[in-house]
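*Asks:* after the sequence you'll find the predicted model.
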Amino acid sequence: MPRTFFLFRLPPSERVAIYSIRMDRSNGYERVSAEFLARRGNGTNRSNAIGVKEVRKWAKALPRSGSVIDLGCGPGFPLTVILLEEGLQVFGVDAAPSLVAAFQRNLPGTPILCESVLESKLFDRTFDAVLCIGLMFLLKAEEQYRLIQRFSEILAPGGRLLFTATAEANVWNDAMTGLQSVSLGAQEYRKLLDAAGISIAEEYEDAGGSHYFDAIKRKG
């Protein structure tokens, strides 16, 4: 018997809730957007936020006026704004409408798409760099494989990539959404990146324990 039969026997309020969860392309972050904006996505003390030091160091190494796309950019604070401050040509993608609206308020004039990174056309272009902080592990394993392939597709030869996950393969519940997070582990990410033509240049961790993969797309 089709699953939809059971769905429509539920009370309307529960049907809407289930439908919303299934259709949510933001991995639960639209539902908790108000909390996210209050805790991390505002300009207060953003210079001291976790990840700021690492992203600024990475951004300073990019070509001046180079193009960079921030995948899962959220409201633009505290990280996307760093890219602008370093003189880069910035683009954003996020699937949570409330966070995209905040991004447009915070960084007016900066191009952004309200789309899933896996389904987005990503401005139909390539980029000198891709930033992807706090997103990879929110995706299912097979979606992570696809995202790594997308990195290769949108990076120009010699382009830089920076993304985070945990170094150890692990499964846990996201602190804000309560939804499952999955890290494939550093060894698997290295293999997947290499197969996609991307070489690890450096790995390091921030004060919050996030593991950074700083990589370069091979030329030729």
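*Replies:* Yep, it's here.
*Asks:* what's near enough to touch residue 137?
*Replies:* Shown in contact with residue 137 (C-beta atoms under 8 Å, 6 or more residues apart in numbering): 144, 164, 165, 166, 181, 182, 183. Just so you know, the C-beta spots here come from the backbone N, C-alpha and C atoms, and that holds for glycine as well.
*Asks:* is it true that the third one touches residue 211?
*Replies:* Yes. Counting by C-beta atoms under 8 Å, a contact exists between residue 165 and residue 211, whose distance comes to 6.0 Å.
*Asks:* sorry, back to before: show me which pair in the contacts of residue 137 is furthest apart.
*Replies:* 164 and 182 (13.5 Å; C-beta to C-beta).
*Asks:* who has more neighbours out of these two?
*Replies:* Remark: of residue 164 and residue 182, residue 164 carries more neighbours, 22 against 19, as counted by other C-beta atoms under 10 Å.
*Asks:* is it correct that the more buried one falls within a helix?
*Replies:* No. Under DSSP: H, G, I helix; E, B strand; the rest coil, residue 164 sits outside any helix and is assigned strand.
*Asks:* report the contact partners of it.
*Replies:* Here residue 164 is in contact with 51, 132, 133, 134, 136, 137, 210, 211, 212, 213 (criterion: C-beta under 8 Å, 6+ apart).
*Asks:* now residue 46: closest residue in space, sequence neighbours ignored.
*Replies:* Nearest non-adjacent residue to residue 46, counting by C-beta to C-beta, 6 or more residues apart in numbering: residue 78, 3.7 Å away.
*Asks:* contacts only, for that neighbour.
*Replies:* So residue 78 contacts 40, 41, 43, 46, 47, 49, 51, 52 (C-beta under 8 Å, 6+ apart).
*Asks:* if you set the cut-off to 6 Å instead, what comes out?
*Replies:* By C-beta atoms under 6 Å, 6 or more residues apart in numbering, residue 78 lies in contact with 46, 49, 52.
*Asks:* output the below-cut-off pLDDT ranges for this structure.
*Replies:* 1-23 (pLDDT under 70).
*Asks:* all strands of it, in order?
*Replies:* Assigned by DSSP state E, the chain shows strands spanning 67-71, 89-94, 112-114, 127-132, 155-165, 170-173, 180-183, 198-205, 211-217.
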